[in-house]
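[1] structure, please.
(one chain, ligands or ions: 1)
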Amino acid sequence: MYKLLTIIGARPQIIKAAALSRAIKNNFCDRFEENILHTGQHYDENMSAVFFDEMGIPQPDYNLNVGSGSHGVQTAKMIEGIEKVLLSDNFDSLVVYGDTNSTLAGAIAASKIHIPIFHIEAGLRSFNMSMPEEINRIMCDQVSSLLFSPTQTGIDNLMKEGFINDEKIYFKNGKGRKVFLSGDIMYDNSLYYSDIVGDKIDTLEKYGLTPSNYILATIHRDNNTDNPERLESIICALLYIAESKNIKVIIPLHPRTSKLLSKNLSENIYKKLINSEEIILAEPASFFQMIELEKNAKIIMTDSGGVQKESYFFKKPCIILRPETEWVEIVDEGAGVVVDADYDRIIKGYDEMVSKEIKYPQIFGDGHSAEFMLGKMGEYFER
Ligand code: UD1
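    Sure thing, here's the model as predicted:
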C-alpha cells in the first residue's frame with residue numbers, strides 16, 4: 001500500500017482532487033491510501049466547503065487554515081504546515097495540482113525532505129512571468145518526479161526545457177523524473193458531474209436566464225481585478241455588449257473581485273454596473289451551478305484557466321480576457337480568442353465568436369486521466 005498526501009487549497013484543486021479520490025476508491029483502493037491536506041488558501045463557505053458537500057468528497061484529513069496574505073506570508077505558512085504533516089507520517093509521495101501558491105508550497109516542502117512529488121497539470125506555460133501562477137508552475141515542475149501534462153503543448157514545453165530524456169536528473173531515491181501525456185483531470189470531472197447535474201435548470205431559473213441567451217463571465221485574476229484601467233475596460237465592454245445586443249450577462253463573483261469593483265471602477269461605471277438590468281452580479285457559483293451555467297450559456301468570457309477548458313468541454317466559444325493563454329490549443333482550434341482587457345477587442349471577439357462554426361475535437365483526453373495517472377504512480381513505486 002502506497003501512502004499519498006494530496007494538497008488542495010484553491011477552489012479548482014478541490015474539484016480536480018475529487019476525480020483522483022474517486023478513481024482510488026473505485027479502482028485502486030488496494031494499492032493507494034490517500035490523505036488530503038487543505039491549506040486553507042480558500043476558506044469562504046462558497047469557495048471551499050460547498051464543493052465538499054456537493055461533490056460528496058470526504059473532509060480533508062488535515063487543514064492548515066492559512067487564509068489570505070501576501071504571497072510570501074501565505075506560502076511560508078503553508079510550507080511550514082505541510083512539512084510538519086509530511087514528517088509526522090510515512091508518506092510515499094505528495095500529489096499537487098496546477099499552479100497555485102498551495103502547489104508551490106507543497107513542492108518546496110516535499111522536495112527539501114526528499115518526498116517524491118507527482119505534479120498533475122504539469123508543463124503548462126503562459127510565458128508571462130508576471131503571473132504568480134507561471135512562477136509556481138515552473139518551480140513545481142523543476143522538483144517533481146512524475147509530471148503529468150494534460151496536453152501535447154505541455155509536453156512540447158517540457159521537452160524544450162530539457163525535461164525529457166534527461167538522464168542526469170535523479171532524486172535521492174535514485175529514481176529519475178518522468179513525463180506523461182495524461183489527458184486533463186478536469187475533463188474527467190466535467191463528464192462525470194455533467195451527467196449527475198443533467199439538464200436541471202434551477203440556477204437559470206434563480207437568475208431569470210434562458211438557455212443560449214446569456215453570457216457567462218468570470219473575472220478574478222489579480223492583473224484584471226487590481227488594475228483599475230483593465231477592470232473598467234472589461235466592465236465597460238460587458239455593459240456595451242449587454243445593452244447593444246440585448247443579452248443578459250451573469251458574473252459569479254470571486255470574493256477578490258467583489259471587494260475591488262467599488263474600489264477600482266470609476267463611480268459612474270460602478271453605478272451603471274450595479275443598476276444594470278442586463279448584468280447579474282452573482283455569488284460565487286458551486287461546481288454544479290457552474291456546470292449548469294456553462295452548459296447553457298451562449299458564450300463564455302473569462303480570465304480563468306479552468307473555465308476556458310470547461311467552455312471547450314461544453315462546446316461553448318470562449319473570449320479569453322488575458323494577454324495570452326497557456327491553453328493554446330483552444331485558440332488553435334478556433335474555439336477561443338485572446339482579447340486581453342481591451343475594450344474594442346472584447347467587443348470584436350464577441351461578434352466574431354457568436355457567429356462562428358466550431359468543431360471541438362477531443363484534445364483533452366478520454367475522461368479517464370485519473371486512472372491513467374494512478375497506473376503510472378504504481379509503476380513508479382514498483383520500478
Ligand atoms: C488562486 C490562484 C489562482 C486560481 C484561483 C482559483 C494563486 C497565486 N492563485 O487565486 O491561480 O485561479 O485561486 O480560484 O494561488 N478571498 C476571499 N475568500 C476566500 C479566498 C480568497 O475573500 O475564500 C479573497 C481574499 O481577499 C484574497 C483574494 O481573494 O486575498 C485572493 O485569494 P488568493 O487565494 O490569494 O488568490 P486567488 O485570486 O483566489
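[2] OK, contacts around the closest residue in space to residue 89 that isn't next to it in sequence?
    Taking CB to CB, 6 or more residues apart in numbering as the measure, residue 89 lies nearest to residue 3, with 7.1 Å between them; neighbours along the chain are not counted. Just so you know, the C-beta spots here come from the backbone N, C-alpha and C atoms, and that holds for glycine as well. Under the criterion of CB atoms under 8 Å, 6 or more residues apart in numbering, the contact partners of residue 3 comprise 32-35, 89-93.
[3] model confidence for residue 3, exactly?
    With respect to pLDDT, residue 3 scores 98.
[4] that one pairs with what?
    Beta bridges link residue 3 to residue 33, judged by DSSP bridges.
[5] if we can go back for a sec, which among the contacts of residue 3 count as buried?
    Listed as buried from those are 32, 34, 91-93; burial here means 16 or more other CB atoms under 10 Å.
[6] out of these, who's nearest residue 214?
    Using CB to CB, residue 34 is the member of the buried ones among the contacts of residue 3 that sits closest to residue 214, with 38.6 Å.
[7] tally of neighbours for the nearest residue to that closest one once chain neighbours are set aside?
    Distances taken as CB to CB, 6+ apart place residue 4 nearest to residue 34, at 4.8 Å, with adjacent residues excluded. A count of neighbours around residue 4, defined by other CB atoms under 10 Å, yields 20.
[8] would you list the phi and psi of the one residue sitting closest to the centre of the chain?
    By CA atoms, centre = their mean, the mean C-alpha position of the chain lies nearest to residue 306, the distance being 3.9 Å. Residue 306 has phi and psi values of phi -60, psi -40 when expressed as degrees, to the nearest 10.
[9] tell me which element the closest residue to it other than its chain neighbours falls in.
    The spatial neighbour of residue 306 that comes closest, neighbours along the chain excluded (CB to CB, 6+ apart), is residue 12 at 4.6 Å. Assigned by DSSP states H and E, residue 12 falls within helix 11-27.
[10] before we move on, the earlier item: for residue 42, see how far away the residue nearest to residue 34 is.
    As judged by CB to CB, to the nearest Å, residue 4 and residue 42 stand 21 Å apart.
[11] distance from stretch 239-254 to the middle of the chain?
    Counting by CA atoms, centre = their mean, to the nearest Å, stretch 239-254 is centred 23 Å from the centre of its parent chain.
[12] export that stretch to PDB, keeping only CA atoms.
    C-alpha atoms of stretch 239-254 as PDB (Å, rounded to 0.1, in the frame of the first residue of the first chain):
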ATOM      1  CA  LEU A 239     -22.100  46.800 -20.400                       C
ATOM      2  CA  TYR A 240     -21.900  47.700 -24.000                       C
ATOM      3  CA  ILE A 241     -22.400  44.200 -25.300                       C
ATOM      4  CA  ALA A 242     -25.300  43.500 -22.900                       C
ATOM      5  CA  GLU A 243     -27.100  46.800 -23.800                       C
ATOM      6  CA  SER A 244     -26.400  46.800 -27.500                       C
ATOM      7  CA  LYS A 245     -27.100  43.100 -28.200                       C
ATOM      8  CA  ASN A 246     -29.900  42.900 -25.600                       C
ATOM      9  CA  ILE A 247     -28.300  39.900 -23.900                       C
ATOM     10  CA  LYS A 248     -28.000  39.100 -20.200                       C
ATOM     11  CA  VAL A 249     -24.600  38.700 -18.600                       C
ATOM     12  CA  ILE A 250     -24.100  36.700 -15.400                       C
ATOM     13  CA  ILE A 251     -20.900  37.200 -13.500                       C
ATOM     14  CA  PRO A 252     -20.400  34.900 -10.500                       C
ATOM     15  CA  LEU A 253     -18.100  37.000  -8.400                       C
ATOM     16  CA  HIS A 254     -14.900  35.700  -6.800                       C
END
